[in-house]
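Asks: Structure of the sequence below:
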Amino acid sequence: MAFKAFTHTHIYEKQSTSKEKDKSSIQCVERYDQNVYLGTKDATVLHLILPSGTDGDQSKIRECRVRKLGSSHPVAHLRVVPLFNHLLILWDRSVAAFNMFSLEPVPALKKIQHVNLFEVCNSLLAAQAECVEMVTSSSRRKAIRIHVVGVDRWDVVKEVPLLQDPVALAVDGGCVCVGTSDRYLLCDLRTGGSDELFPHNHSRQRVIVTSMGRGEFLLNGPESLGVFVMKTGICQRPPLQWPQEVLAAGVCFPYILTLQPQVLSVYSAVDQQCKQTVSLSEAKGLLCTSDGVLVFTERDIFSLRLVPPEEQIQTLVMHERFEEALLLLDAVQDQLPLDSFKELQKAITCLAGFVHFYQKDFSEARDLFITGELDPREILRLYPDLLCHSEEFQSQLDHLNKGRHIQVLCRDNRNTFHHYLAFLGDFLRAVRGTEQALKCSKEVDYALLRLYVELGDTQNLQQLVAFPNLCSLDYCVPVLEQHRRYFAIGSLYQSHGNYIDAIKTWVKIEDGLHEDPFCSDVYGHIVQTLSQLQDTDVVWKFADWTLQRNQEIAVQIFNKRPPDVQFETQDVLALMEKYPLAMLYHLEFLIYDLNSEDERHHNRLALAYVTQSLRDEEESDSRETRGKLQQLLWESRFYDFSTVYERVESTTLRLEKAILLGRTGGHSQALQVLVHQEGDLKAAEAYCCRAARGKDAVFRQTLLLTLLQIYLSSEDLGSAAVDLLNNHPRVLAAEKVIQLLPEAWSVQLVSQFLVGSLRATCHQRRMAQLQKAMAQVELTRHKVIWMETLKTKFRLDKGQKCKVCQKDLAEPEFACNLTGELMHTSCRGFPST
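Replies: I've put the predicted structure just below:
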């Protein structure tokens, strides 16, 4: 069935004898509701009544009344004014008013003489104002007149002069569009101003001006163009290319109709395309009404009734003209209930999307599917292998969209099939989690999982299964097992809260029982998962396994837990008794991260460092562990010195032994150990500096003098003593050092120390002198100010007020501030004194 915007019906044929045929031909037509008025060439007006729902049976059309206006001159124009039951007739260059039912003249309204054209303004405010406006064109003057028409009078209220006689005119609200012999004009009825639009070269019969409503006019422009012009003078639509020699044009929104003698063409006002043509014979004119068009010839009247918008849209959809259907739907939106409009719009948008889908225009198809809120199952049913058959799905578009399975469509082209799969993934990702996919979230997630497995998209697969999803374990686990995606299986279990099954699956991968080529660092993922898990039973279940594999990494299960999900410290330490390295790392976490002040923790960490240092000393380099041990021994104040010393005393960790002796005040013993047992003179000197950190210079000097005495007590350490003196000339006082030096030592041997010490002493003395001099200068400045103040004279007059309390200064004693203002001595605590 071809698309039709209008249905064509012959509704009336004027009966006449052959002699009267030419004289009584129809010249114009007017209609209001079921009342049709014909104006003929022989000055006659006929009133016809059409029954509701006329189906073309002419016997049902009733001729009501006939009015003979005169013996000659054709009736040029008819217009109904329903507000007053008036029928206005233009005949013999005069406008006369008749009753629209009886066709009797209205006595109170005299004829308006010398009129070429007239048009009534159908304003929405007419009923409220109890009057209508009429525009007439004078046959004697180049002007148009505005009349106010009432029930029993009509008055001229304004006249707008023109440069040329009007040939055609149309009224819309307060604006008149006028066509003259060579141009089109816009006239404002309120201001009386006019603006030229554009010129034309048509004959008088081809000048067409039609109101489209909403402040828009349709004009017969140059080069056979129908031009749309707003009352502001601008064009908001592209021009319409219509046939040459158009007799008349009308608007029955959303269609534009053009009349030629043998054919009526119907164009869409939305896309300017011709939608329908109706063959006629010797057509003369047309009249557009709210529900269609009346076309008349000399003897006949044809009715073109507008097909209901729903039927038009359905026809376009059946012909797969979805883009046109959408444009038409938008144009007639105001004529449909809101719910019907939305449902139609969604359905047609989705069908348009399928057209682009099968044309491989995937970007446009995706946008249309989303805009039309397509149920994802409508797409999934085209991919049978990806559709979860947990529930029966009845397609709402089966009768419109003849879907073809993609596997069948792309049977011989694997590359094309992959393009369709990629589109599906893009679409499902876009709608997943939205209201559009709310009713089929399980199907969407299952399809995405199957899709990612099929395309080998490991990243998106892992993201899907690792985060909350509605994948059915019964359907998805076998699919993943079939493709050896065991790591993804574990993640799927985890996202569904089955932590034990998840970790068991990963453990099997790490133990080699499952082979999954698509994952790496499974062990690290297990540890990270356990460290964040709140189910403590699961953590304890797999803690032993992780610690056996790698103590250094596994300890993160306990060290990197959220603050609100911590284990009992004693339980963790009891577990780690078998894992000394993990124990060491966990104790570090307790002390340095959690700032534990528990003596047991500090003791255990120190002893663990000792044990690890001794083990590393045998196997490899122990410097890193010993550095940590020494830092703990120096900085911690919570461990038991005696406990640690007992463990260190019999070992080779003499530096640590010295630190422990020093922490108990035995600095001399500590230095003896470093010098005579360890034999590390640099360590002894560093010990003095470290032990004196945070203490005064006297304490540091005491430690260095003690070390100097130890050096001097041994004949082999004379050079070390000299080096010590030369390294610290600013710290060691020369007078104390000289008392300790052997008499056999020459001045030359310690000359470098003496020079450095003397220089430091001189520097200190000079700095002290400088500070004293600066203090004296400051004191002198204050004395000068004091003396100047004492020499200043003050005048105290009778009645002078205190600056602070504003009371009289009646006592001989008073105070003065730096600016010379006087006050009571009791008020001198004021900030400005």
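
Asks: Pretty sure Y452 sits against L461.
Replies: Yes: between Y452 and L461 a contact is recorded at 3.7 Å, counting by C-beta atoms under 8 Å. Every C-beta, even on glycine, is put in place using the N, C-alpha and C of the backbone.

Asks: out of these two, which sits in the busier spot?
Replies: L461 (25 against 22; other C-beta atoms under 10 Å).

Asks: Show the contacting residues for that one.
Replies: Applying C-beta atoms under 8 Å, 6 or more residues apart in numbering, we find L461 in contact with L449, Y452, V453, R485, A488.

Asks: list the contacts for the last one?
Replies: Under the criterion of C-beta under 8 Å, 6+ apart, the neighbours of A488 are L461, Q462, V465, L480, F518.

Asks: Am I right that the first one is in a helix?
Replies: Yes: applying DSSP: H, G, I helix; E, B strand; the rest coil, one finds L461 inside a helix.

Asks: immediately after the lengthiest helix in the chain, which helix or strand?
Replies: The longest helix of the chain (DSSP state H) is helix 751-791. Toward the C-terminus, helix 751-791 is succeeded by strand 815-816 as the next helix or strand (DSSP states H and E).

Asks: That next one pairs with which strands, parallel or anti?
Replies: Strand pairing for strand 815-816, determined by DSSP bridges: strand 822-823 (antiparallel).

Asks: Tell me the gap between the partner strand and the middle of its chain.
Replies: The chain centre lies 71 Å from the centre of strand 822-823; the measure is C-alpha atoms, centre = their mean, to the nearest Å.

Asks: ok, T789 - contacts?
Replies: T789 touches C816, counting by C-beta under 8 Å, 6+ apart.

Asks: Look up how far E324 lies from it.
Replies: Separation of T789 from E324 (C-beta to C-beta, to the nearest Å) stands at 104 Å.

Asks: mind checking which helix or strand the residue nearest the centre of the chain is in?
Replies: Relative to the mean C-alpha position of the chain, the nearest C-alpha, by C-alpha atoms, centre = their mean, is the one of A430, at 14.1 Å. Element membership of A430, judged by DSSP H and E, is helix 414-431.

Asks: So for the next helix or strand after that helix, mean pLDDT?
Replies: Using DSSP H and E, the helix or strand that follows helix 414-431 towards the C-terminus is helix 441-455. Across helix 441-455, the average pLDDT comes to 92.

Asks: likewise stretch 209-217?
Replies: Rounded mean pLDDT across stretch 209-217 is 89.

Asks: Restricting to C-alpha, output it in CSV.
Replies: What follows is stretch 209-217, C-alpha atoms only, in CSV (Å, rounded to 0.1, in the frame of the first residue of the first chain):
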residue,chain,number,x,y,z
VAL,A,209,0.4,34.6,-0.4
THR,A,210,-0.8,32.0,2.1
SER,A,211,-0.7,32.1,5.9
MET,A,212,0.8,29.1,7.6
GLY,A,213,-0.1,30.2,11.1
ARG,A,214,2.2,30.9,14.0
GLY,A,215,3.5,34.1,12.3
GLU,A,216,4.7,32.4,9.1
PHE,A,217,3.7,32.9,5.4
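
Asks: Buried residues of that stretch, list them for me.
Replies: For stretch 209-217, the neighbour count (16 or more other C-beta atoms under 10 Å) marks V209, T210, S211, M212, E216, F217 as buried.

Asks: can you check stretch 602-622 too?
Replies: Residues of stretch 602-622 classed as buried by neighbour count (16+ other C-beta under 10 Å): 602-614, 617, 622.

Asks: Name the pair among these with the greatest separation in space.
Replies: H602 and E617 (22.4 Å; C-beta to C-beta).

Asks: Quick one: residues contacting the spatially closest residue to H496 that is not a sequence neighbour.
Replies: The shortest distance from H496 to any non-neighbouring residue, by C-beta to C-beta, 6 or more residues apart in numbering, is to L473 (6.4 Å). Residues in contact with L473, defined by C-beta under 8 Å, 6+ apart, are L492, Y493, H496.
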